[in-house]
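Peer 1: predicted model follows, preceded by the sequence.
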Amino acid sequence: MSREKTEAKYSILANTIRNRILSGEFHMGDRLASENELSAQFGFSRQTVRQALGILEQEGFLVRRRGSGTYIAKGTPTLPKSRTIGVITTYITDYIFPVITRGIEEVLSGRGYHLHLGVTKNRVETERQLLQSMLENGVDGLIVEGTKTALPNPNISLYQKLESMGIPCVFFNGYYRELSGCIYVVTNDRTCGSKASSLLLHAGCRQLGGIFKSDDMQGHERYAGFAQGLMDAGQQINDDAVLWYSTGDRDSLFEGENRERIYRIMRHCDGVVCYNDQIAYRLIELLLEKGRNVPQDISIVSFDNSSISQYSPVKITSFDHPKEQMGRMAAEKIIRMVESGVRESPAILEMPLIYKGSVLAEDTWDYL
């Protein structure tokens with residue numbers, strides 16, 4: 001047992017020093033601190049420090065000069081591959097996320113890669129902790145679902161550090177606009193948002209409302225399309241009938257006073273575009289409880305075509321999120337980047353409309 005612990009310690013220390021060399025924190029030709037100094041700095045025994053330095057010397061990161069000390073080697077050696085891909089998602093156990101993750105895992109395992117999974121629950125501090133952990137433990141690449149992608153992200157410097165270390169990253173569902181040259185796999189949210197409002201107008205709806213998520217890119221893109229579809233049809237946007245919510249509001253959005261507020265906003269609408277099926281499901285429940293019929297009194301269009309529709313009192317007309325395809329494509333891109341060193345191109349996936357029953361007339365969407 002003690003031997004396993006010693007191995008874990010020197011491996012951790014070797015990874016830490018290696019990452020600092022690759023990131024440029026330690027410069028080529030610089031003298032490294034002595035074994036005693038490193039032992040005091042990191043809290044490891046001299047034996048552990050000596051083992052870690054021995055590994056880095058064998059890999060070509062360090063050069064020992066008798067009577068002078070240990071130096072950072074000139075020229076960056078090729079970092080041995082761990083065959084591990086870090087995967088960071090906002091959620092994993094519910095909604096569309098298990099299918100996306102399954103697509104990623106199937107491709108990675110099929111190519112002999114291990115998956116190191118982390119979940120942020122859409123919190124930037126958790127994202128930072130996961131990124132730092134993966135940097136320390138060594139991954140060949142990262143697949144990331146960005147956290148609160150509509151907001152400025154304080155972790156951009158970590159992503160830039162990854163890039164400087166030659167660790168590629170592929171984003172899915174959303175990405176950070178502040179990070180230049182992002183490689184991503186996303187859906188055509190703006191186009192579908194426009195189609196959603198156009199569909200409702202062609203179904204005879206004239207008072208359109210919407211519920212959109214404020215802190216991620218998908219919410220903004222879906223709203224932008226919704227607004228564009230109205231303007232293209234010569235219709236006005238009713239700001240009073242558009243409701244925004246954030247990740248932290250999700251669980252309480254349809255509870256207590258919020259529930260009544262949503263009904264007051266939506267009761268004058270005859271068509272609503274919802275950010276996703278989770279929201280559409282709760283809205284349908286609320287409207288039926290208040291005596292409004294869906295779709296006879298109010299039609300609803302949503303996004304993702306998730307399994308939630310099967311449990312809804314009225315099956316939800318929704319744009320079909322390419323869940324497994326997205327996961328597989330992100331995994332294929334990261335493997336190609338890891339193995340070839342060549343940057344991939346971003347990809348935007350289509351979402352076909354799946355008619356089910358929450359829009360009044362099926363034949364109105366043939367034009368889309």
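Peer 2: Perfect, thanks for sending it. Numbers count the residues shown, from 1 in each chain.
Peer 1: C-alpha from now on. contacts and neighbour counts both.
Peer 2: Will do.
Peer 1: for the stretch 151-300 of the chain, just list every one of the helices.
Peer 2: 156-164, 189-202, 217-232, 256-266, 277-289 (DSSP state H, counting those that start in this stretch).
Peer 1: Phe61 is nearest to which of those?
Peer 2: Evaluated over the helices of the stretch 151-300 of the chain, closeness to Phe61 peaks at helix 156-164, with 16.2 Å, by C-alpha to C-alpha.
Peer 1: which residues are in contact with that closest one?
Peer 2: Leu22, Ser23, Arg128, Leu131, Gln132, Leu135, Pro168, Cys169, Glu178, Leu179 (C-alpha atoms under 8 Å, 6 or more residues apart in numbering).
Peer 1: let's see it at 7 Å
Peer 2: Contacts of helix 156-164 with the rest of the structure, by C-alpha atoms under 7 Å, 6 or more residues apart in numbering, involve Ser23, Leu179.
Peer 1: flag every buried residue along that helix.
Peer 2: Tyr159, Lys161, Leu162 (16 or more other C-alpha atoms under 10 Å).
Peer 1: quick check, nearest of those residues to Pro295?
Peer 2: Closest to Pro295, out of all of these and judged by C-alpha to C-alpha, is Tyr159, at 45.7 Å.
Peer 1: so who does Ser194 touch?
Peer 2: The contact partners of Ser194, by C-alpha under 7 Å, 6+ apart, come to Gly225, Phe226, Gln228, Gly229.
Peer 1: got the domain ranges for the protein?
Peer 2: The chain breaks down by automatic domain parsing into domains covering 2-72, 84-187+323-349, 189-322+353-365.
Peer 1: turn these into a markdown table, including mean pLDDT.
Peer 2: Below are those laid out as a markdown table (pLDDT from 0 to 100):
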| stretch | mean pLDDT |
| --- | --- |
| domain 2-72 | 82 |
| domain 84-187+323-349 | 94 |
| domain 189-322+353-365 | 94 |
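Peer 1: let me see the ranges of the strands in the stretch 201-350 of the chain.
Peer 2: Secondary structure of the stretch 201-350 of the chain (DSSP state E, counting those that start in this stretch): strands at 208-213, 242-245, 271-274, 299-304, 317-320, 347-349.
Peer 1: and the closest residue in space to His114 that isn't next to it in sequence, how many neighbours?
Peer 2: In space, and not counting its chain neighbours, His114 is closest to Thr84: 4.6 Å by C-alpha to C-alpha, 6 or more residues apart in numbering. Neighbour count for Thr84, taken as other C-alpha atoms under 10 Å: 20.
Peer 1: next one: Thr84 from Met351, what distance?
Peer 2: According to C-alpha to C-alpha, to the nearest Å, Thr84 and Met351 sit 31 Å apart.
Peer 1: check Leu243 too.
Peer 2: 23 Å.
Peer 1: buried set for the helix or strand Arg64 falls within?
Peer 2: Element membership of Arg64 [criterion: DSSP states H and E] is strand 62-65. Buried positions in strand 62-65, judged by neighbour count with 16+ other C-alpha under 10 Å: Leu62, Val63, Arg64.
Peer 1: stretch 173-185 now?
Peer 2: Quick answer for stretch 173-185 (16+ other C-alpha under 10 Å): Asn173, Gly174, Tyr175, Tyr176, Cys182, Ile183, Tyr184, Val185.
Peer 1: also stretch 233-244?
Peer 2: Residues Ile237, Ala241, Val242, Leu243 are the ones in stretch 233-244 that count as buried (16+ other C-alpha under 10 Å).
Peer 1: ok, and the closest non-adjacent residue to His268?
Peer 2: Distances taken as C-alpha to C-alpha, 6+ apart place Gln207 nearest to His268, at 7.2 Å, with adjacent residues excluded.
Peer 1: which residues are in contact with the spatially most central residue of the chain?
Peer 2: Centroid check for the chain by C-alpha atoms, centre = their mean gives Glu145 as the closest residue, at 1.0 Å. By C-alpha under 7 Å, 6+ apart, the residues touching Glu145 are Ile88, Thr89, Thr90, Phe171, Phe172, Asn173, Gly174.
Peer 1: try Gly357
Peer 2: Going by C-alpha under 7 Å, 6+ apart, the list of residues near Gly357 reads Val314, Lys315, Ile316, Thr317.
Peer 1: so what's the backbone phi/psi at the third one?
Peer 2: Comment: the main-chain dihedrals of Ile316 come out as phi -90, psi 120, following degrees, to the nearest 10.
Peer 1: look up how far Ser358 lies from it.
Peer 2: If you measure Ile316 against Ser358 using C-alpha to C-alpha, the figure is 5 Å.
Peer 1: identify the contacts common to these two.
Peer 2: Val301.
Peer 1: which one of these two is surrounded by more residues?
Peer 2: Set Ile316 next to Ser358 and count neighbours by other C-alpha under 10 Å: Ile316 wins out with 30 against 25.
Peer 1: secondary structure class for the residue lying farthest from the centre of the chain?
Peer 2: Farthest-out residue of the chain from its mean C-alpha position, per C-alpha atoms, centre = their mean: Gly67, at 50.6 Å. Secondary structure for Gly67, judged by DSSP: H, G, I helix; E, B strand; the rest coil, is coil.
Peer 1: give me phi/psi at it?
Peer 2: Taking degrees, to the nearest 10 as the convention, Gly67 sits at phi 80, psi 0.
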